[in-house]
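>>> Provided below are the primary sequence and the corresponding predicted coordinates.
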Amino acid sequence: MKIENISTSKKTIEKRVFCFGETVLDIIFRDNMPIAAKPGGSMLNTAVSLGRAGIPVYFISDFGQDHAGDLIHDFLLENGVSTKYISRYTEGQTAVALAFLDQLQNADYSFYKNFPEERLTAPIPSAQKGDIVLFGSFYALTGSIRPKMMTFLRNAKSNGALVMYDPNFRRAHLGDLETHKPLILDNMRMADIIRGSDEDFMNVFGASDANQSFQHVFGAGCPHLVYTKSSEGVDIITGGYSASYAVPPIQTVSTIGAGDAFNAGMIYYMVNSEFSIGEFSASCWETMIGNGIRFSADVCQSLDNYISIDFGRQVSKATPPPAPSP
């Protein structure tokens with residue numbers, strides 16, 4: 001793939017990215033045998049991909065003062081992610097997720113959590129105009145997290161930051177859907193863009209396609225939906241633009257982190273581009289989706305939950321490549 005040199009305008013753009021979400025240690029199984037252990041959590045995965053791509057990114061989360069937590073903390077720093085807003089607790093332990101890969105390399109999860117009563121004790125930052133905030137997954141539904149998260153999001157919206165939400169709602173949480181669905185709708189109301197998978201919208205709303213999903217998204221007050229369908233492609237629906245994009249075939253090793261890397265690809269474009277909320281042109285969307293597809297494809301070809309170091313070095317020195325045709 002040819003990637004052109006980045007324009008000098010990139011150096012004049014000062015934007016920060018804040019990823020707000022859970023931290024887990026992923027232990028990955030294939031054929032019921034453990035094959036890898038990786039720092040994980042959806043927003044952590046996105047933050048690491050952005051850090052490897054040279055984007056200034058801050059991770060807002062909490063995890064234990066234990067061996068797993070030390071491993072994760074060091075890993076974040078090594079990959080260009082600021083840990084300034086990480087809380088480390090002594091009561092409880094860093095969460096663990098067992099990820100069992102099926103024949104299509106998709107993962108089924110089991111979670112093991114032992115959290116303290118008080119969460120997120122570190123100072124919470126203030127996102128400003130031009131900054132980009134990503135939040136989501138089950139962390140954004142957690143009662144002990146939500147008050148601080150909602151205050152952070154309201155301030156970000158008031159200050160003019162762009163807010164992006166990824167529901168990432170797993171089948172493991174379907175038993176509590178009645179409780180969580182109103183919170184998901186509240187989260188959608190806070191977002192300028194929602195990027196969710198077909199599985200997310202089927203799990204939460206029983207929606208079978210992008211049009212049905214957009215009805216729920218728009219009804220909640222968010223004007224922009226990016227709807228990913230794994231190897232079947234990507235749909236965009238907004239108030240004034242819609243399109244579908246194909247995904248090139250690849251040799252998939254693991255899909256863990258694929259959606260998170262897609263988010264990173266979109267945000268990579270936002271950081272390196274001049275635009276305002278509400279001014280997303282067809283060209284903007286096409287280039288964002290092109291980046292999301294490329295970032296996601298790189299992740300799917302390894303057992304890492306994030307883009308490779310080599311790919312990160314490549315894109316950190318290049319402009320977003322031309323978008324795929326709708």
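Thanks, I have it. Residues are numbered from 1 along each chain as shown.
>>> do a quick rundown of the strands in the stretch 1-150 of the chain.
Secondary structure of the stretch 1-150 of the chain, counting by DSSP state E, counting those that start in this stretch: strands at 17-20, 24-30, 33-40, 57-64, 81-82, 86-89, 93-101, 107-114, 132-136.
>>> helices of this protein, start to end?
Using DSSP state H, the helices of the chain run over 42-52, 67-78, 146-159, 177-189, 198-205, 210-220, 258-271, 282-300, 309-316.
>>> just name the most buried of the ones you listed.
When the helices of the chain are scored by mean count of other CB atoms under 10 Å, the highest mean neighbour count falls to helix 42-52 (a mean of 30). For the C-beta atoms, the positions are set from N, CA and C on the backbone; glycine is no exception.
>>> tell me the angle of that helix relative to helix 282-300?
Inter-element angle recorded for helix 42-52 and helix 282-300: 100 degrees (by axes from the mean of the first three to the mean of the last three CA atoms, to 10 degrees).
>>> avg pLDDT for helix 42-52?
In this model, helix 42-52 has a mean pLDDT of 97.
>>> cool, stretch 88-100 as well?
91.
>>> which stretches of this protein have low pLDDT?
The chain contains residues with pLDDT under 70 at 1-13, 275-278, 318-326.
>>> contacts for stretch 246-255, please.
Stretch 246-255 has contacts (CB atoms under 8 Å, 6 or more residues apart in numbering) with 28, 101, 104-107, 230-234, 293, 297, 300-303, 324.
>>> give me the buried entries from these.
Among those, the ones that count as buried by 16 or more other CB atoms under 10 Å are 28, 101, 105-107, 230, 233-234, 293, 297, 300, 303, 324.
>>> how about the residue nearest the centre of the chain, nearest residue that isn't a chain neighbour?
Using CA atoms, centre = their mean, the residue of the chain that lies closest to the mean C-alpha position is D260, 3.9 Å off. Leaving aside its sequence neighbours, D260 sits nearest to N45 (CB to CB, 6 or more residues apart in numbering; 3.6 Å).
>>> just checking, that neighbour touches S296?
No. Counting by CB atoms under 8 Å, N45 sits too far from S296 to count as a contact (11.0 Å).
>>> hey, what's in contact with both of those two?
By CB under 8 Å, 6+ apart, N45 and S296 have these common neighbours: A261.
>>> how near is N32 to N305?
Distance, N32 to N305, by CB to CB, to the nearest Å: 20 Å.
>>> compare these two (neighbour count), which wins?
The neighbour comparison of N32 against N305 (other CB atoms under 10 Å) goes to N305, with 26 against 6.
>>> so the more buried one makes contact with G40?
Yes. N305 is within contact range of G40, at 5.2 Å (criterion: CB under 8 Å).
>>> now for these two: what residues contact both?
26, 256-257.
>>> report the contact partners of L134.
17-21, 43, 46, 164-166, 263, 267.
>>> so what's the residue nearest to D260 up against?
257, 260-261, 264, 305-306.
>>> and for T238?
By CB under 8 Å, 6+ apart, the contact list for T238 reads 223-225, 280, 285.
>>> for D166, same thing?
Contact analysis of D166 by CB under 8 Å, 6+ apart lists 42-43, 134-137, 194-196, 259-260, 263.
>>> 7 Å - rerun?
Contact analysis of D166 by CB atoms under 7 Å, 6 or more residues apart in numbering lists 42, 134, 136-137, 195-196, 259, 263.
>>> which residue sits closest to it, ignoring its sequence neighbours?
Among residues not flanking D166 along the chain, G136 sits closest, at 3.6 Å (CB to CB, 6+ apart).
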